[in-house]
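Asks: Mind folding the following:
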Amino acid sequence: MKTGFSTKKYLEVQTKEIKDRVAKFGEKLYLEFGGKLCHDFHAVRVLPGYEPDTKIEVLKALGDKIELIYCVSAQDIQKGRIRHDFGLAYDKQVMKDLKDLKERGLNISIINIALFSGEEAAVRFKRKLENFGYKVFTQPVIEGYPNDIKKVVSDEGYGGQTYIPTSKPIVIITGAGGGSGKMALCLSQMYHDTKKGINSGYAKFETFPIWNLEIDHPINVAYEAATADLGDVNMVDPFHLKQYKKTSINYNRDIENFDIMKNIMDGIVSKDNHVRNYNSPTDMGVNMAGFAIIDDKVCREAAKQEIIRRYFRYKKELLLGTEKPETVERAENLMQKLHLKEEDRKVVPAARNAEKEAEKAGKGNKGIFCGAAIQLPDGTIVAGKNSPLLHAESSVVINAIKTLAGVDDGVDLILPEIIKNVNILKGDILKGTSESLNLDETLIALAVSAKYNKETKKCIKMLGKLNNCDMHVTYLPSEGDEAGLIKLRMNVTTDAKLTFRNTG
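Replies: The predicted structure is shown next:
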């Protein structure tokens, strides 16, 4: 897989930029982190060479100067909002994030629950976090926020928010996702700091859109595709253009809210605070990702693939009732802007051809013909089909690891006795509608078979190489297939055709 981004260079320039910004405030900087601290797979996909935990390495490079506060919205906990990368509800995602950060050497001891109005689910979650040893703060809703500036910048507004004592010069404000109350916490902390005579400041770390790339660069268009459900749109920063006569890219919400945020910040801080030098949303940012792109062509192509992937995802979610038609329409318009079509994703025609071949040969299972394809790191396309024994997802993964391990196609990786016994369990005993093995079951069957088959043991070591590979499947994956695909961390798209096996 070709590299278009230098993580090493990025760590150098990004760490320096943050340190330089801290120096302009003297005492304390509240740094709002947009996106994900761990597992930033969107960045991995559009910036080949970017490591999933690069932001963690940036923070580690800042040494003992940082502490972290994790934000989550009480409203998101109450309504069971889902984070799509791992398919987890926000309360479970918070616990996973805290665990992942600790494993990577970053401890979060403070949790901030925003927009809290006594929601039962949030109260239970707060109790759970406290039982686990975390300090938990809740922040009430500020009526009129952010438009009623006079009320917001008062003891009734930010003054009514709970102050969180911190001891380090850099306070990283991260969270479960958008709308978690990160910026509101930064500004309320600054309000209290000013009252206490502490000269604190604010900056924003948001990787996308990349401010020093053109507005229609595929990387920036891919950001629009990733946020099509939110309706985010890239814009030339008019404040930056007016002040500096330079073109810079930001997104609509930051631009639309800048006048309000500027007035709020100016109303909070002292006259000599560096925040008053922020003349545009771009000025608030510290992102340096654009300076670490080493092969623009590679990144452009990767970003185009991400736009197509997002389009397929929204189509699937529309079918499942979790997405709106307008979101799919936005994604379609972005594809048209860059003259992209479904078949530009190489695994799509390969999977569809596999389905046609299965139907032509009379294979498949119970009249259903499903095709799947994976593009391996070297560009090789491997296909698979469903059968009475295996789902198409299982078949293509087995074919992929055989190819990677150099094992002959005719070798059975799973012992026939294992498949037979699982089929009996699913069909005869549990009375399931599908006896064939889904991907999650197949991974377990491979692990068991590896004890008895050296070729299987050789192949199973190749599963990690499927990480970040593109895959397409013509039918809607079952829950068991989805579970296996999440574990393998492939970039999966689907035509989302329906079959009665989807509960298997």
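
Asks: For stretch 78-98, give the mean pLDDT please.
Replies: The predicted model gives stretch 78-98 an average pLDDT of 85.

Asks: Name the nearest residue to A373, ignoring sequence neighbours.
Replies: A350 (3.6 Å; C-beta to C-beta, 6 or more residues apart in numbering). The way it works is simple: take the backbone N, C-alpha and C, and place the C-beta from them, glycine included.

Asks: tell me, how many neighbours does the one you found end up with?
Replies: Neighbour count of A350, defined by other C-beta atoms under 10 Å: 21.

Asks: Next one: it from A392, what distance?
Replies: 12 Å (C-beta to C-beta, to the nearest Å).

Asks: Now for these two: what residues contact both?
Replies: Listed as contacting both A350 and A392 by C-beta atoms under 8 Å, 6 or more residues apart in numbering are G371.

Asks: can you map out the helices along the stretch 351-500 of the chain?
Replies: 392-405, 416-424, 439-449, 454-460, 479-488 (DSSP state H, counting those that start in this stretch).

Asks: repeat for the stretch 201-350 of the chain
Replies: Applying DSSP H, counting those that start in this stretch to the stretch 201-350 of the chain gives helices spanning 218-226, 238-244, 252-268, 281-284, 296-320, 325-337, 347-360.

Asks: now for these, which one comes closest to K196?
Replies: Closest approach to K196 among these is made by helix 252-268 (12.4 Å; C-beta to C-beta).

Asks: Which secondary structure elements does the closest one sit against?
Replies: Packing contacts for helix 252-268, counted by 3 or more C-beta pairs under 8 Å, 6 or more residues apart in numbering; DSSP states H and E, involve helix 149-152, helix 182-196, strand 234-236, helix 238-244, helix 281-284.

Asks: how much does that helix deviate in direction from helix 182-196?
Replies: 10 degrees (axes from the mean of the first three to the mean of the last three C-alpha atoms, to 10 degrees).

Asks: Go through helix 252-268 and flag the buried ones.
Replies: 253-255, 258, 261-262, 264-265, 267-268 (16 or more other C-beta atoms under 10 Å).

Asks: Kindly calculate the angle that it makes with helix 218-226.
Replies: 90 degrees.

Asks: Need the mean per-residue confidence for helix 252-268.
Replies: Rounded mean pLDDT across helix 252-268 is 92.

Asks: Sheet partners, orientation included, of the lowest-mean-pLDDT helix or strand in the chain?
Replies: The weakest-scoring helix or strand in the chain, judged by mean pLDDT, DSSP states H and E, is strand 82-83 (a mean of 78). Counting by DSSP bridges, the strands paired with strand 82-83 are strand 88-89 (antiparallel).

Asks: For the helix or strand that the partner strand is followed by, what is the distance to the chain centroid?
Replies: Next in sequence after strand 88-89, counting helices and strands by DSSP states H and E, comes helix 90-103. Centroid displacement of helix 90-103 relative to its chain, using C-alpha atoms, centre = their mean, to the nearest Å, is 14 Å.

Asks: what sits up against helix 90-103?
Replies: 37-39, 56, 68, 70, 72-73, 76-77, 80-83, 86, 88, 107-108, 111, 121, 125, 134, 176-177.

Asks: Out of the residues you listed, which end up buried?
Replies: 37-39, 56, 68, 70, 72-73, 76-77, 81-83, 88, 108, 111, 121, 125, 134, 176-177.

Asks: mind listing which of those are in strands?
Replies: Applying DSSP state E to these, the entries found in strands are 68, 70, 72-73, 82-83, 88, 111.

Asks: Closest one of those to C459?
Replies: L88 (29.6 Å).

Asks: mind giving me the domain split of this structure?
Replies: With domains defined by automatic domain parsing, the chain comprises 52-200, 346-503.

Asks: looking at those domains, which is closest to N279?
Replies: Nearest of those (C-beta to C-beta): domain 52-200, 18.0 Å.

Asks: and P388, what is it in contact with?
Replies: 365-366, 435-436.

Asks: so which of the helices of the stretch 201-350 of the chain gets nearest D193?
Replies: Closest among the helices of the stretch 201-350 of the chain, once you apply C-beta to C-beta, is helix 252-268, at 8.7 Å.

Asks: Distance of C186 relative to Y134?
Replies: For C186, the distance to Y134 - C-beta to C-beta - is 20 Å.

Asks: Please apply the same query to V286.
Replies: Distance from V286 to Y134, counting by C-beta to C-beta: 27 Å.

Asks: ok, now which ones touch the nearest residue to V46 once chain neighbours are set aside?
Replies: Counting by C-beta to C-beta, 6+ apart, A303 is the residue found nearest to V46 once chain neighbours are left out, at 4.5 Å. Contact partners of A303, counting by C-beta under 8 Å, 6+ apart, are 46, 217-219, 221-222.

Asks: which residues sit against stretch 444-459?
Replies: 398, 401-402, 404-405, 407, 411, 413-415, 418-419, 422, 437, 460.
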